[in-house]
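> using only what follows, build the 3D model:
(one chain, ligands or ions: 1)
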Amino acid sequence: MTFTPQNIRTRLALKYTGVFALLLFVYTIVTVLFLYFYFSNQLDLNLKEELEIVQELLHYSNYEIKSKTFEMQHEPKRFERLVEIWSDSILEYRSSAFNEQLIFPEPRSDHLSHQPHYLSLTLPTGEHWRMIYVAVPSEGRQRLVRISMNEDHILDQMKEYFLFMTIVAPLFFGIAALAGYIMAKQALAPIDRMVVHAKRIGTENLKERLPIVNPNDELGNLAIVTNELLDRIQNSFERLQRFTADASHELRTPLTAMRSVGEVGLQDSRPAEQYREVIGSMLEENARLTRLVDSLLLLSKADSGKVPLSIENVDLLQFIKESSEVITVLAEEKEQKLQIEGIDGIIVTIDKIIFRQALLNLIDNAIKYTSGGGIIVIRALNDEGKFATIEVSDNGPGIPKEDQEKIFDRFYRVDKDRSRETGGAGLGLAIVQWAVRIHHGSLSVESSPSGSTFRITIPQVV
Ligand code: ADP
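Next comes the predicted model:
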(Lines give C-alpha, C1' and ligand atoms only; values in the text may rest on other atoms or scores of the structure.)
Protein backbone atom coordinates (compact mmCIF):
# COMPACT_ATOMS: atom_id res chain seq x y z
CA MET A 1 0.00 0.00 0.00
CA THR A 2 1.45 3.35 -0.93
CA PHE A 3 0.85 6.45 1.15
CA THR A 4 0.00 9.49 -0.97
CA PRO A 5 -0.97 12.57 1.03
CA GLN A 6 -4.01 14.40 -0.36
CA ASN A 7 -2.66 17.95 -0.29
CA ILE A 8 0.17 19.33 -2.39
CA ARG A 9 1.74 21.07 0.61
CA THR A 10 2.46 17.81 2.43
CA ARG A 11 3.56 16.09 -0.77
CA LEU A 12 6.02 18.90 -1.51
CA ALA A 13 7.32 18.90 2.07
CA LEU A 14 7.84 15.12 1.94
CA LYS A 15 9.59 15.27 -1.42
CA TYR A 16 11.74 18.13 -0.21
CA THR A 17 12.71 16.13 2.89
CA GLY A 18 13.44 13.09 0.72
CA VAL A 19 15.74 15.07 -1.54
CA PHE A 20 17.36 16.68 1.50
CA ALA A 21 17.94 13.26 3.12
CA LEU A 22 19.52 11.95 -0.07
CA LEU A 23 21.78 15.00 -0.32
CA LEU A 24 22.75 14.71 3.35
CA PHE A 25 23.60 11.04 2.89
CA VAL A 26 25.69 11.72 -0.22
CA TYR A 27 27.34 14.69 1.53
CA THR A 28 28.24 12.52 4.56
CA ILE A 29 29.71 9.75 2.41
CA VAL A 30 31.69 12.20 0.28
CA THR A 31 32.95 14.03 3.37
CA VAL A 32 33.96 10.80 5.11
CA LEU A 33 35.84 9.61 2.01
CA PHE A 34 37.49 12.97 1.53
CA LEU A 35 38.59 13.22 5.17
CA TYR A 36 39.83 9.63 5.13
CA PHE A 37 41.96 10.23 2.05
CA TYR A 38 43.12 13.59 3.35
CA PHE A 39 44.25 12.22 6.75
CA SER A 40 45.78 9.11 5.16
CA ASN A 41 47.73 11.35 2.84
CA GLN A 42 48.85 13.50 5.77
CA LEU A 43 49.96 10.36 7.58
CA ASP A 44 52.01 9.24 4.57
CA LEU A 45 53.63 12.70 4.39
CA ASN A 46 54.47 12.55 8.08
CA LEU A 47 56.01 9.11 7.64
CA LYS A 48 58.04 10.39 4.72
CA GLU A 49 59.33 13.36 6.72
CA GLU A 50 60.26 11.05 9.59
CA LEU A 51 62.06 8.75 7.20
CA GLU A 52 64.09 11.60 5.73
CA ILE A 53 65.24 12.66 9.18
CA VAL A 54 66.23 9.12 10.11
CA GLN A 55 68.06 8.69 6.80
CA GLU A 56 70.06 11.86 7.44
CA LEU A 57 70.93 10.76 10.96
CA LEU A 58 72.12 7.42 9.66
CA HIS A 59 74.16 9.12 7.04
CA TYR A 60 75.91 11.80 9.12
CA SER A 61 76.07 10.48 12.66
CA ASN A 62 77.63 7.75 14.55
CA TYR A 63 75.06 5.03 14.92
CA GLU A 64 75.83 4.48 18.59
CA ILE A 65 75.02 8.08 19.42
CA LYS A 66 72.02 8.01 17.17
CA SER A 67 70.38 5.19 19.00
CA LYS A 68 70.34 7.34 22.11
CA THR A 69 69.36 10.56 20.48
CA PHE A 70 66.60 9.35 18.16
CA GLU A 71 63.89 9.93 20.65
CA MET A 72 65.18 13.32 21.67
CA GLN A 73 66.00 14.86 18.33
CA HIS A 74 62.45 14.66 17.13
CA GLU A 75 59.82 17.13 17.96
CA PRO A 76 56.94 15.36 19.64
CA LYS A 77 54.72 14.41 16.68
CA ARG A 78 51.02 14.52 16.55
CA PHE A 79 50.94 10.79 15.95
CA GLU A 80 53.23 8.36 17.58
CA ARG A 81 55.85 6.88 15.32
CA LEU A 82 57.85 3.76 15.78
CA VAL A 83 61.30 3.53 14.26
CA GLU A 84 62.98 0.21 13.54
CA ILE A 85 66.41 -0.39 12.05
CA TRP A 86 67.09 -3.85 10.76
CA SER A 87 70.39 -5.23 9.63
CA ASP A 88 70.59 -8.70 8.06
CA SER A 89 67.25 -9.69 9.60
CA ILE A 90 68.42 -8.59 13.04
CA LEU A 91 66.58 -5.78 14.79
CA GLU A 92 69.27 -3.28 15.72
CA TYR A 93 67.11 -0.52 16.98
CA ARG A 94 63.48 0.01 18.01
CA SER A 95 61.98 3.17 19.52
CA SER A 96 61.98 2.63 23.23
CA ALA A 97 58.67 4.29 23.98
CA PHE A 98 56.74 1.39 22.55
CA ASN A 99 55.26 -1.61 24.12
CA GLU A 100 57.53 -4.59 23.47
CA GLN A 101 54.51 -6.69 22.65
CA LEU A 102 53.76 -4.60 19.65
CA ILE A 103 55.07 -7.11 17.11
CA PHE A 104 55.44 -6.18 13.48
CA PRO A 105 56.15 -8.83 10.90
CA GLU A 106 59.84 -9.31 10.17
CA PRO A 107 61.11 -7.66 7.01
CA ARG A 108 61.18 -9.73 3.82
CA SER A 109 64.23 -9.76 1.58
CA ASP A 110 62.35 -7.94 -1.20
CA HIS A 111 61.84 -4.97 1.18
CA LEU A 112 65.47 -3.95 0.62
CA SER A 113 64.55 -1.33 -1.91
CA HIS A 114 66.21 2.07 -2.19
CA GLN A 115 62.87 3.64 -3.03
CA PRO A 116 60.58 4.23 -0.02
CA HIS A 117 57.48 2.01 0.03
CA TYR A 118 54.30 2.15 2.06
CA LEU A 119 52.54 -0.75 3.70
CA SER A 120 49.23 -1.00 5.61
CA LEU A 121 49.23 -3.55 8.41
CA THR A 122 46.59 -5.08 10.63
CA LEU A 123 48.27 -6.50 13.71
CA PRO A 124 47.00 -9.57 15.59
CA THR A 125 45.79 -7.12 18.27
CA GLY A 126 43.45 -5.63 15.68
CA GLU A 127 45.36 -2.34 15.46
CA HIS A 128 45.90 -0.72 12.07
CA TRP A 129 49.34 0.67 11.29
CA ARG A 130 50.85 2.41 8.31
CA MET A 131 54.51 1.73 7.60
CA ILE A 132 57.16 3.28 5.35
CA TYR A 133 60.38 1.36 4.69
CA VAL A 134 63.53 1.87 2.68
CA ALA A 135 67.00 0.28 2.42
CA VAL A 136 69.83 2.63 3.49
CA PRO A 137 73.50 1.80 2.75
CA SER A 138 75.46 2.36 5.95
CA GLU A 139 78.86 1.15 7.12
CA GLY A 140 79.18 -1.13 4.10
CA ARG A 141 75.82 -2.83 4.75
CA GLN A 142 72.25 -2.48 3.72
CA ARG A 143 70.18 -1.39 6.66
CA LEU A 144 66.41 -1.43 6.46
CA VAL A 145 64.68 1.51 8.10
CA ARG A 146 61.01 1.05 8.95
CA ILE A 147 58.86 3.78 10.45
CA SER A 148 55.27 3.01 11.44
CA MET A 149 52.37 5.05 12.71
CA ASN A 150 49.08 3.95 14.11
CA GLU A 151 46.22 4.90 11.82
CA ASP A 152 43.36 3.80 14.04
CA HIS A 153 42.77 7.39 15.11
CA ILE A 154 41.80 8.23 11.50
CA LEU A 155 39.26 5.44 11.37
CA ASP A 156 38.01 6.42 14.84
CA GLN A 157 37.50 9.96 13.74
CA MET A 158 35.58 8.81 10.68
CA LYS A 159 33.39 6.61 12.87
CA GLU A 160 32.73 9.50 15.26
CA TYR A 161 31.82 11.80 12.43
CA PHE A 162 29.48 9.20 10.93
CA LEU A 163 27.85 8.63 14.32
CA PHE A 164 27.41 12.35 14.83
CA MET A 165 25.71 12.68 11.43
CA THR A 166 23.42 9.73 12.18
CA ILE A 167 22.37 11.30 15.46
CA VAL A 168 21.74 14.80 14.09
CA ALA A 169 20.14 13.60 10.82
CA PRO A 170 16.61 13.15 12.28
CA LEU A 171 16.83 16.70 13.61
CA PHE A 172 17.87 17.95 10.15
CA PHE A 173 15.03 15.98 8.54
CA GLY A 174 12.52 17.48 10.95
CA ILE A 175 13.77 21.01 10.21
CA ALA A 176 13.76 20.29 6.46
CA ALA A 177 10.20 18.89 6.57
CA LEU A 178 8.93 21.86 8.57
CA ALA A 179 10.73 24.38 6.36
CA GLY A 180 9.44 22.58 3.23
CA TYR A 181 5.90 22.62 4.57
CA ILE A 182 6.02 26.31 5.50
CA MET A 183 7.56 27.28 2.14
CA ALA A 184 5.01 25.22 0.18
CA LYS A 185 2.21 26.74 2.24
CA GLN A 186 3.44 30.27 1.56
CA ALA A 187 3.97 29.56 -2.15
CA LEU A 188 0.51 28.04 -2.52
CA ALA A 189 -1.32 30.65 -0.44
CA PRO A 190 -2.46 32.58 -3.59
CA ILE A 191 -4.19 29.38 -4.74
CA ASP A 192 -6.22 29.29 -1.53
CA ARG A 193 -7.28 32.86 -2.13
CA MET A 194 -8.17 32.01 -5.74
CA VAL A 195 -10.27 29.04 -4.57
CA VAL A 196 -12.21 31.26 -2.16
CA HIS A 197 -12.90 33.76 -4.95
CA ALA A 198 -13.66 31.10 -7.56
CA LYS A 199 -16.26 29.53 -5.25
CA ARG A 200 -18.08 32.86 -5.14
CA ILE A 201 -18.30 33.21 -8.93
CA GLY A 202 -21.61 32.07 -10.37
CA THR A 203 -24.03 33.10 -13.12
CA GLU A 204 -25.38 35.90 -10.94
CA ASN A 205 -21.93 37.54 -10.46
CA LEU A 206 -19.98 36.50 -13.54
CA LYS A 207 -18.22 39.87 -13.45
CA GLU A 208 -16.08 38.86 -10.42
CA ARG A 209 -12.45 37.99 -11.17
CA LEU A 210 -9.67 36.14 -9.36
CA PRO A 211 -7.11 38.25 -7.44
CA ILE A 212 -3.70 38.61 -9.13
CA VAL A 213 -0.97 38.93 -6.48
CA ASN A 214 2.07 38.89 -8.75
CA PRO A 215 1.32 38.98 -12.49
CA ASN A 216 4.86 37.80 -13.27
CA ASP A 217 4.88 34.47 -11.43
CA GLU A 218 3.23 31.17 -12.38
CA LEU A 219 0.25 31.61 -10.08
CA GLY A 220 -0.27 35.16 -11.30
CA ASN A 221 -0.22 33.77 -14.82
CA LEU A 222 -2.76 31.12 -13.85
CA ALA A 223 -5.03 33.81 -12.40
CA ILE A 224 -4.67 35.93 -15.57
CA VAL A 225 -5.48 32.99 -17.85
CA THR A 226 -8.44 31.98 -15.65
CA ASN A 227 -9.71 35.56 -15.70
CA GLU A 228 -9.45 35.62 -19.48
CA LEU A 229 -11.40 32.37 -19.56
CA LEU A 230 -14.03 33.97 -17.32
CA ASP A 231 -14.16 36.94 -19.72
CA ARG A 232 -14.92 34.58 -22.57
CA ILE A 233 -17.51 32.66 -20.54
CA GLN A 234 -19.14 35.92 -19.48
CA ASN A 235 -19.27 37.12 -23.10
CA SER A 236 -20.79 33.85 -24.32
CA PHE A 237 -23.24 33.85 -21.45
CA GLU A 238 -24.34 37.41 -22.13
CA ARG A 239 -24.58 36.68 -25.84
CA LEU A 240 -26.72 33.65 -25.09
CA GLN A 241 -28.96 35.68 -22.80
CA ARG A 242 -29.31 38.38 -25.45
CA PHE A 243 -29.95 35.76 -28.10
CA THR A 244 -32.68 34.07 -26.04
CA ALA A 245 -34.32 37.41 -25.25
CA ASP A 246 -34.15 38.53 -28.91
CA ALA A 247 -35.39 35.17 -30.19
CA SER A 248 -38.34 35.19 -27.77
CA HIS A 249 -39.17 38.72 -28.82
CA GLU A 250 -38.98 37.86 -32.52
CA LEU A 251 -41.11 34.75 -32.03
CA ARG A 252 -43.69 36.64 -30.05
CA THR A 253 -44.29 39.24 -32.76
CA PRO A 254 -45.72 36.92 -35.45
CA LEU A 255 -47.57 34.89 -32.80
CA THR A 256 -49.24 38.05 -31.47
CA ALA A 257 -50.04 39.13 -35.02
CA MET A 258 -51.62 35.75 -35.77
CA ARG A 259 -53.69 35.87 -32.63
CA SER A 260 -54.93 39.43 -33.27
CA VAL A 261 -55.82 38.61 -36.89
CA GLY A 262 -57.65 35.46 -35.74
CA GLU A 263 -59.51 37.29 -32.96
CA VAL A 264 -60.61 40.06 -35.30
CA GLY A 265 -61.76 37.42 -37.83
CA LEU A 266 -63.87 35.73 -35.15
CA GLN A 267 -65.53 38.88 -33.82
CA ASP A 268 -68.41 39.09 -36.35
CA SER A 269 -69.67 36.85 -39.07
CA ARG A 270 -68.06 37.92 -42.32
CA PRO A 271 -68.26 37.10 -45.98
CA ALA A 272 -66.05 34.21 -47.19
CA GLU A 273 -63.78 36.65 -49.01
CA GLN A 274 -62.77 38.32 -45.72
CA TYR A 275 -62.15 34.99 -44.00
CA ARG A 276 -59.86 34.06 -46.85
CA GLU A 277 -57.97 37.31 -46.27
CA VAL A 278 -57.66 36.54 -42.52
CA ILE A 279 -56.39 33.03 -43.24
CA GLY A 280 -54.02 34.44 -45.85
CA SER A 281 -52.45 36.91 -43.43
CA MET A 282 -52.24 34.23 -40.74
CA LEU A 283 -50.41 31.99 -43.20
CA GLU A 284 -48.07 34.89 -44.01
CA GLU A 285 -47.22 35.25 -40.30
CA ASN A 286 -46.84 31.49 -40.13
CA ALA A 287 -44.40 31.56 -43.04
CA ARG A 288 -42.44 34.31 -41.27
CA LEU A 289 -42.40 32.23 -38.10
CA THR A 290 -41.24 29.15 -39.99
CA ARG A 291 -38.40 31.10 -41.62
CA LEU A 292 -37.38 32.47 -38.26
CA VAL A 293 -37.43 29.06 -36.57
CA ASP A 294 -35.46 27.56 -39.50
CA SER A 295 -32.81 30.28 -39.15
CA LEU A 296 -32.62 29.83 -35.38
CA LEU A 297 -32.26 26.10 -35.79
CA LEU A 298 -29.51 26.51 -38.36
CA LEU A 299 -27.60 28.98 -36.20
CA SER A 300 -27.88 26.80 -33.11
CA LYS A 301 -26.58 23.83 -35.11
CA ALA A 302 -23.83 26.08 -36.47
CA ASP A 303 -22.87 27.09 -32.91
CA SER A 304 -22.57 23.50 -31.81
CA GLY A 305 -20.64 22.62 -34.99
CA LYS A 306 -23.15 19.95 -35.85
CA VAL A 307 -23.83 20.92 -39.47
CA PRO A 308 -22.37 18.19 -41.68
CA LEU A 309 -20.52 19.54 -44.72
CA SER A 310 -20.70 17.91 -48.11
CA ILE A 311 -18.10 19.74 -50.15
CA GLU A 312 -17.44 19.52 -53.86
CA ASN A 313 -15.66 21.48 -56.58
CA VAL A 314 -17.93 23.81 -58.56
CA ASP A 315 -17.55 26.44 -61.25
CA LEU A 316 -18.42 29.65 -59.40
CA LEU A 317 -20.16 31.52 -62.24
CA GLN A 318 -22.34 28.51 -63.12
CA PHE A 319 -23.20 28.06 -59.46
CA ILE A 320 -24.25 31.74 -59.14
CA LYS A 321 -26.41 31.49 -62.26
CA GLU A 322 -28.17 28.31 -61.07
CA SER A 323 -28.66 29.60 -57.54
CA SER A 324 -30.06 33.00 -58.47
CA GLU A 325 -32.71 31.55 -60.80
CA VAL A 326 -35.06 30.87 -57.88
CA ILE A 327 -34.89 34.46 -56.71
CA THR A 328 -35.25 36.21 -60.10
CA VAL A 329 -39.01 36.22 -59.67
CA LEU A 330 -38.69 38.40 -56.52
CA ALA A 331 -36.60 40.94 -58.45
CA GLU A 332 -39.07 40.90 -61.30
CA GLU A 333 -41.93 41.58 -58.88
CA LYS A 334 -40.14 44.79 -57.86
CA GLU A 335 -39.18 45.50 -61.47
CA GLN A 336 -35.51 45.21 -60.54
CA LYS A 337 -32.77 44.10 -62.88
CA LEU A 338 -30.66 41.12 -61.73
CA GLN A 339 -27.34 41.13 -63.58
CA ILE A 340 -24.73 38.35 -63.36
CA GLU A 341 -21.16 39.08 -64.46
CA GLY A 342 -17.83 37.28 -64.34
CA ILE A 343 -15.70 34.64 -65.97
CA ASP A 344 -16.08 30.91 -66.23
CA GLY A 345 -13.46 28.54 -64.83
CA ILE A 346 -13.16 29.87 -61.27
CA ILE A 347 -13.31 26.63 -59.32
CA VAL A 348 -14.17 26.66 -55.62
CA THR A 349 -14.69 23.90 -53.09
CA ILE A 350 -17.99 24.46 -51.30
CA ASP A 351 -20.99 22.87 -49.66
CA LYS A 352 -23.53 23.85 -52.32
CA ILE A 353 -26.57 23.95 -50.03
CA ILE A 354 -24.97 26.12 -47.33
CA PHE A 355 -23.19 28.41 -49.80
CA ARG A 356 -26.38 28.82 -51.85
CA GLN A 357 -28.25 29.92 -48.75
CA ALA A 358 -25.53 32.53 -48.00
CA LEU A 359 -25.65 33.84 -51.58
CA LEU A 360 -29.46 33.95 -51.62
CA ASN A 361 -29.50 35.83 -48.28
CA LEU A 362 -27.29 38.54 -49.83
CA ILE A 363 -29.32 38.75 -53.04
CA ASP A 364 -32.57 38.70 -51.04
CA ASN A 365 -31.32 41.61 -48.91
CA ALA A 366 -30.29 43.54 -52.03
CA ILE A 367 -33.79 43.05 -53.49
CA LYS A 368 -35.55 43.82 -50.17
CA TYR A 369 -33.69 47.00 -49.34
CA THR A 370 -33.49 48.45 -52.90
CA SER A 371 -36.52 50.30 -54.16
CA GLY A 372 -38.40 49.27 -57.28
CA GLY A 373 -36.53 49.66 -60.56
CA GLY A 374 -33.08 49.19 -58.97
CA ILE A 375 -30.18 47.22 -60.37
CA ILE A 376 -28.58 44.32 -58.56
CA VAL A 377 -25.24 43.01 -59.87
CA ILE A 378 -23.65 39.71 -58.88
CA ARG A 379 -20.04 39.22 -59.89
CA ALA A 380 -17.69 36.24 -59.85
CA LEU A 381 -14.11 37.53 -59.72
CA ASN A 382 -10.74 35.90 -59.84
CA ASP A 383 -8.53 37.35 -57.10
CA GLU A 384 -4.88 36.76 -58.20
CA GLY A 385 -5.67 33.12 -58.96
CA LYS A 386 -5.62 32.23 -55.28
CA PHE A 387 -8.97 33.49 -54.12
CA ALA A 388 -12.42 33.76 -55.64
CA THR A 389 -14.56 36.80 -54.86
CA ILE A 390 -18.33 37.04 -55.10
CA GLU A 391 -19.77 40.54 -55.02
CA VAL A 392 -23.44 41.39 -54.58
CA SER A 393 -24.00 45.10 -55.32
CA ASP A 394 -27.18 47.15 -55.31
CA ASN A 395 -28.07 50.78 -55.80
CA GLY A 396 -30.26 50.89 -52.72
CA PRO A 397 -30.21 53.34 -49.78
CA GLY A 398 -26.93 51.98 -48.31
CA ILE A 399 -26.11 51.32 -44.67
CA PRO A 400 -25.06 54.10 -42.26
CA LYS A 401 -21.36 53.92 -41.34
CA GLU A 402 -22.05 53.32 -37.62
CA ASP A 403 -24.24 50.31 -38.43
CA GLN A 404 -21.93 48.63 -40.92
CA GLU A 405 -20.09 46.56 -38.32
CA LYS A 406 -23.18 45.65 -36.35
CA ILE A 407 -25.31 44.33 -39.21
CA PHE A 408 -23.54 40.96 -38.95
CA ASP A 409 -24.71 40.54 -35.32
CA ARG A 410 -27.71 38.35 -34.70
CA PHE A 411 -31.07 40.18 -34.68
CA TYR A 412 -29.45 43.46 -35.61
CA ARG A 413 -31.54 45.54 -37.99
CA VAL A 414 -30.73 49.08 -39.06
CA ASP A 415 -34.31 50.18 -39.32
CA LYS A 416 -36.33 47.79 -37.18
CA ASP A 417 -39.75 48.82 -38.48
CA ARG A 418 -38.74 48.84 -42.12
CA SER A 419 -37.11 45.40 -41.81
CA ARG A 420 -40.05 43.91 -40.00
CA GLU A 421 -42.32 44.98 -42.87
CA THR A 422 -40.04 43.22 -45.33
CA GLY A 423 -39.92 40.10 -43.18
CA GLY A 424 -36.32 40.10 -41.83
CA ALA A 425 -35.46 39.19 -38.25
CA GLY A 426 -31.82 40.26 -38.51
CA LEU A 427 -30.42 36.73 -38.82
CA GLY A 428 -29.68 36.63 -42.57
CA LEU A 429 -26.18 38.18 -42.44
CA ALA A 430 -25.25 36.17 -39.32
CA ILE A 431 -25.94 33.03 -41.36
CA VAL A 432 -23.90 34.40 -44.29
CA GLN A 433 -21.00 35.10 -41.97
CA TRP A 434 -21.07 31.59 -40.50
CA ALA A 435 -21.31 30.03 -44.00
CA VAL A 436 -18.32 32.06 -45.20
CA ARG A 437 -16.29 31.21 -42.11
CA ILE A 438 -16.74 27.46 -42.51
CA HIS A 439 -15.52 27.87 -46.10
CA HIS A 440 -12.35 29.55 -44.74
CA GLY A 441 -13.33 32.85 -46.35
CA SER A 442 -14.07 36.43 -45.32
CA LEU A 443 -17.08 38.69 -45.62
CA SER A 444 -17.05 42.49 -45.92
CA VAL A 445 -19.33 45.34 -46.86
CA GLU A 446 -18.83 48.66 -48.61
CA SER A 447 -21.71 51.01 -48.50
CA SER A 448 -22.65 54.57 -49.40
CA PRO A 449 -25.99 56.34 -49.78
CA SER A 450 -25.94 55.29 -53.44
CA GLY A 451 -25.70 51.56 -52.76
CA SER A 452 -24.04 48.66 -50.98
CA THR A 453 -21.62 45.95 -52.05
CA PHE A 454 -21.26 42.74 -50.02
CA ARG A 455 -18.07 40.83 -50.80
CA ILE A 456 -17.32 37.17 -50.05
CA THR A 457 -13.77 35.92 -50.58
CA ILE A 458 -12.98 32.21 -50.41
CA PRO A 459 -9.97 30.15 -51.45
CA GLN A 460 -9.91 29.07 -55.07
CA VAL A 461 -8.91 25.61 -56.28
CA VAL A 462 -5.67 26.17 -58.20
P1 ADP B 1 -32.75 40.93 -42.22
O2 ADP B 1 -33.31 39.59 -42.09
O3 ADP B 1 -33.34 41.95 -41.34
O4 ADP B 1 -32.50 41.33 -43.61
P5 ADP B 1 -29.90 40.67 -42.20
O6 ADP B 1 -28.99 40.09 -41.16
O7 ADP B 1 -29.89 40.02 -43.50
O8 ADP B 1 -31.31 40.72 -41.53
O9 ADP B 1 -29.48 42.17 -42.36
C10 ADP B 1 -29.27 42.98 -41.22
C11 ADP B 1 -29.60 44.42 -41.52
O12 ADP B 1 -28.65 44.95 -42.43
C13 ADP B 1 -30.91 44.58 -42.21
O14 ADP B 1 -31.96 44.67 -41.28
C15 ADP B 1 -30.71 45.84 -42.99
O16 ADP B 1 -31.02 46.96 -42.19
C17 ADP B 1 -29.25 45.88 -43.32
N18 ADP B 1 -28.95 45.45 -44.71
C19 ADP B 1 -28.59 44.23 -45.10
N20 ADP B 1 -28.39 44.20 -46.44
C21 ADP B 1 -28.65 45.43 -46.90
C22 ADP B 1 -28.61 46.03 -48.20
N23 ADP B 1 -28.26 45.37 -49.29
N24 ADP B 1 -28.92 47.35 -48.28
C25 ADP B 1 -29.25 48.04 -47.17
N26 ADP B 1 -29.30 47.53 -45.91
C27 ADP B 1 -29.02 46.24 -45.79
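> excluding its own residues, what touches stretch 167-181? List them.
Residues from elsewhere that reach stretch 167-181, judged by C-beta atoms under 8 Å, 6 or more residues apart in numbering: 9-10, 12-17, 20-21, 24. All C-beta spots, glycine's among them, are computed from the backbone N, C-alpha and C.
> in three-state terms, label Leu198 for me.
Actually, residue 198 is Ala rather than Leu. Here Ala198 is helix, with the state taken from DSSP: H, G, I helix; E, B strand; the rest coil.
> just Glu106 next, same as before
coil.
> how about Phe39?
From three-state DSSP, the assignment for Phe39 is helix.
> ok, and the most crowded of the contacts of stretch 167-181?
Neighbour counts for these (other C-beta atoms under 10 Å) peak at Ala13, which has 22 neighbours.
> and the next helix or strand past the helix or strand of the chain with the lowest mean pLDDT?
Sorted by mean pLDDT, DSSP states H and E, the helices and strands of the chain end with helix 63-73, the least confident at a mean of 49. Following helix 63-73 in sequence order, the next helix or strand is strand 81-87 (DSSP states H and E).
> contacts only, for the residue in the stretch 1-150 of the chain positioned nearest to the ligand.
Ranked by C-beta to the nearest ligand atom, the top residue of the stretch 1-150 of the chain for proximity to the ligand is Ile8, at 51.5 Å. Contacts for Ile8 (C-beta under 8 Å, 6+ apart) come out as 184, 188.
> can you name the helix or strand that Glu341 falls in?
With DSSP H and E as the criterion, Glu341 is inside strand 337-342.
> what do you get for His59?
Element membership for His59, per DSSP H and E: helix 8-60.
> next one: that helix to chain centre, how far?
Counting by C-alpha atoms, centre = their mean, to the nearest Å, helix 8-60 is centred 45 Å from the centre of its parent chain.
> between strand 81-87 and that helix, find me the angle.
Inter-element angle recorded for helix 8-60 and strand 81-87: 40 degrees (by axes from the mean of the first three to the mean of the last three C-alpha atoms, to 10 degrees).
> how about Ile438: what's its closest non-neighbour residue?
Nearest non-adjacent residue to Ile438, counting by C-beta to C-beta, 6 or more residues apart in numbering: Leu309, 6.8 Å away.
> what ranges do the strands span in the stretch 301-450 of the chain?
Secondary structure of the stretch 301-450 of the chain (DSSP state E, counting those that start in this stretch): strands at 311-315, 337-342, 347-351, 375-383, 387-394, 442-448.
> quick one: average confidence on the second one?
Put plainly, it is strand 337-342. Averaging pLDDT along strand 337-342 yields 95.
> what about the helices in this structure?
Using DSSP state H, the helices found in the chain span residues 8-60, 63-73, 152-200, 218-267, 272-304, 316-333, 352-369, 416-422, 428-438.
> low-confidence ranges in the protein?
Residue ranges of the chain with pLDDT under 70: 1-3, 61-79, 96-101, 416-423.
> near the ligand, which residues of it? Just list them.
Applying C-beta under 6 Å from any ligand atom, we find that the chain lies next to the ligand at 361, 365-366, 369, 394, 396, 399, 407, 412-415, 419, 424-430, 452.
> pull out the buried residues from the residues you listed.
Neighbour-count burial (16 or more other C-beta atoms under 10 Å) applied to the residues of the chain next to the ligand gives 361, 365-366, 369, 394, 396, 399, 407, 412-414, 419, 424-430, 452.
> ok, the residue in the stretch 151-300 of the chain positioned nearest to the ligand - how many residues close by?
Here the stretch 151-300 of the chain gets closest to the ligand at one residue, Ser295, 8.3 Å apart by C-beta to the nearest ligand atom. The number of residues packed near Ser295 is 22, by other C-beta under 10 Å.
> repeat that for Leu82.
Counted with other C-beta under 10 Å, Leu82 comes out at 19.
> for Glu127, see how far away it is.
Using C-beta to C-beta, to the nearest Å, Leu82 is found at 11 Å from Glu127.
> where do the contact lists of those two overlap?
Taking C-beta under 8 Å, 6+ apart as the criterion, Leu82 and Glu127 both touch Leu102.
> follow-up on the earlier one: next, the angle from the helix holding His59 to helix 152-200.
Angle between the axes of helix 8-60 and helix 152-200 is 160 degrees (criterion: the same axes, to 10 degrees).
> please name the residues that touch Glu341.
Contact analysis of Glu341 by C-beta under 8 Å, 6+ apart lists 377-380.
> which of these sits closest to Tyr60?
Ala380 (118.5 Å; C-beta to C-beta).
> OK, contacts around that closest one?
316-317, 320, 340-343, 346, 388-390.
> repeat that with 6 Å
Residues in contact with Ala380 (C-beta atoms under 6 Å, 6 or more residues apart in numbering) are 316-317, 320, 342, 346.
> which strand residues bridge it?
In this entry, Ala380 is beta-bridged to Gly342, Ile390, by DSSP bridges.
> and it, how far from the ligand?
18 Å (C-beta to the nearest ligand atom, to the nearest Å).
> please identify the most buried of the strands of the stretch 301-450 of the chain.
Stretch with highest mean neighbour count among the strands of the stretch 301-450 of the chain: strand 387-394 (a mean of 22; mean count of other C-beta atoms under 10 Å).
> separation between His153 and Leu219?
For His153, the distance to Leu219 - C-beta to C-beta - is 55 Å.
> neighbour count: these two, which is higher?
Leu219 (19 against 15).
> look up the closest residue to that one, ignoring the ones flanking it.
Nearest one to Leu219, counting by C-beta to C-beta, 6+ apart, is Pro190 at 4.5 Å.
> the nearest residue to Lys301 once chain neighbours are set aside: how many residues sit nearby?
With C-beta to C-beta, 6+ apart as the criterion, Lys301 has its nearest non-adjacent residue at 5.0 Å, and that residue is Val307. Applying other C-beta under 10 Å, we find 16 residues neighbouring Val307.
> pretty sure Val307 is touching Leu299, no?
No. Here Val307 lies out of contact with Leu299, judged by C-beta atoms under 6 Å, at a distance of 9.9 Å.
> which of the contacts of Glu341 sits closest to Ile103?
Ala380 (115.2 Å).
> what's across from the closest residue to Pro137 other than its chain neighbours in the sheet?
Using C-beta to C-beta, 6+ apart and skipping the chain neighbours, the partner closest in space to Pro137 is Arg143 (7.7 Å). Applying DSSP bridges to Arg143 gives these bridge partners: Ser87, Val136.
> what sits against the residue lying closest to Val54 once chain neighbours are set aside?
Distances taken as C-beta to C-beta, 6+ apart put Val145 closest to Val54, at 5.4 Å, once the chain neighbours are dropped. Residues in contact with Val145 (C-beta under 6 Å, 6+ apart) are 54, 85, 134, 136.
> now the two most distant members of those.
Spatial extent of the contacts of Val145 (C-beta to C-beta) is set by the pair Ile85 and Val134 at 11.2 Å.
> related to what we said a few turns ago, nearest to Ile212, of the helices of the chain?
Of the helices of the chain, nearest to Ile212 by C-beta to C-beta is helix 218-267, at 4.6 Å.
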